[in-house]
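Colleague: With the input below, show me the fold.
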Amino acid sequence: MLSGKCGCLKKLKPDPSRDNLTELLNCAAGLSRKEIVKYLLELGAQPNDKANGASTAMDRCMLHLPHESIDALIHRRQVSSWEVHRSMESLGELVKHGAIWQPDDSRQMDYIRRGLYQVNPEVTVDLLELFIKTKRCSSETIQSLLRTPRIRQHLKPHGQRLLRLRLDLRTPREKAERARIEAEQAQIKATRQAYVLASRYNRERLYEEVWSEPVIVVAKRYGLSDVGLAKICKKLNIPRPGLGYWAKKAAARPIGKPPPLPSLPKLD
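Modeller: Numbers count the residues shown, from 1 in each chain. Below is the predicted model:
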């Protein structure tokens with residue numbers, strides 16, 4: 001069917017010098033006619049015709065996407081991924097020819113966002129992946145699309161896939177809370193590791209040893225490398241001499257008293 005309609009257009013022999021191919025392209029994109037879109041682009045239609053350097057054809061195709069399935073509109077159900085294949089193919093063709101998606105204003109973005117609510121959220125993720133991989137949409141535009149709580153909730157089932165695209169749906173508050181929880185979990189894990197090590201090494205004796213001799217000497221006594229012993233001291237919260245300490249001591253220069261041995265955090 002689509003190829004037939006494209007065939008009719010070819011018989012009319014559009015002339016770039018006479019016909020407005022870009023307007024024809026915009027009309028074809030508004031109906032998601034991939035073959036016609038492809039033909040017009042190859043004929044010389046300009047994919048990016050807006051004042052902001054973006055594509056009207058992309059806008060129209062995006063607006064048409066949720067209305068591609070008449071059955072879904074009649075029964076007021078969510079449009080499935082396979083029901084928007086013509087729109088997705090048309091968008092792919094436009095992107096392939098350099099079309100850029102950037103709505104004119106927040107009102108147009110709101111309208112596109114409302115349309116995406118009617119479609120399976122997987123489609124929106126597919127669109128985002130297409131735009132990101134082809135770099136046909138700015139990160140600012142993508143963040144604007146994902147700005148509202150409703151769209152974030154709509155896409156939440158695909159949060160892991162979005163993270164792989166480096167898109168985080170969490171609000172700053174949610175990110176901060178998650179960071180706090182992860183820090184607490186890391187601290188608990190480190191404390192547990194410290195208590196396990198404390199059952200194998202005497203902290204007080206090890207503290208005295210690393211302040212009496214260089215770590216490399218003490219490490220041999222334990223059958224470890226100096227790096228390995230340094231890691232154990234860190235996990236056991238044992239302070240160690242800094243760089244130049246032993247050189248200063250050998251030169252009888254002031255080095256001050258060693259810091260006290262802190263206690264291990266309590267294990268809840």
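Colleague: For the strand or helix carrying Arg86, which outside residues touch it?
Modeller: Taking DSSP states H and E as the definition, Arg86 sits inside helix 85-96. Residues outside helix 85-96 that contact it (CB atoms under 8 Å, 6 or more residues apart in numbering) are 2, 28-29, 32-34, 37-38, 41, 47, 55, 57-58, 61-62, 64-65, 68, 123, 126-127, 130-131, 134, 136. Every residue, glycine included, has its C-beta placed from N, CA and C.
Colleague: if you set the cut-off to 6 Å instead, what comes out?
Modeller: Residues outside helix 85-96 that contact it (CB atoms under 6 Å, 6 or more residues apart in numbering): 29, 32, 34, 37-38, 47, 57-58, 61, 64-65, 68, 134, 136.
Colleague: now the residues you listed as TSV including neighbour count, secondary structure and distance to Lys156?
Modeller: Below are the contacts of helix 85-96 laid out as TSV (neighbours: other CB atoms under 10 Å; DSSP: H, G, I helix; E, B strand; the rest coil; distance: CB to CB, whole Å):
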residue	neighbour count	secondary structure	distance to Lys156
Ala29	32	helix	30
Ser32	23	coil	28
Lys34	23	helix	31
Val37	31	helix	33
Lys38	19	helix	35
Pro47	25	coil	33
Ala57	33	helix	31
Met58	26	helix	26
Cys61	30	helix	26
His64	18	helix	26
Leu65	26	helix	21
Glu68	20	coil	24
Thr134	14	helix	25
Arg136	23	coil	25
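Colleague: sorry, back to before: mind checking how far the helix holding Arg86 is from the chain centre?
Modeller: Centroid separation for helix 85-96 versus its chain: 23 Å, with CA atoms, centre = their mean, to the nearest Å.
Colleague: List the buried residues in the helix or strand following it.
Modeller: Reading on from helix 85-96 to the C-terminus, the next helix or strand found by DSSP H and E is helix 106-117. By neighbour count with 16 or more other CB atoms under 10 Å, helix 106-117 contains the buried residues Met109, Ile112, Arg113, Gly115, Leu116.
Colleague: Just the element for the residue most central in space within the chain, please.
Modeller: By CA atoms, centre = their mean, the chain has its centre lying nearest to Arg166, at 1.0 Å. Here Arg166 is covered by no helix or strand, with elements defined by DSSP H and E.
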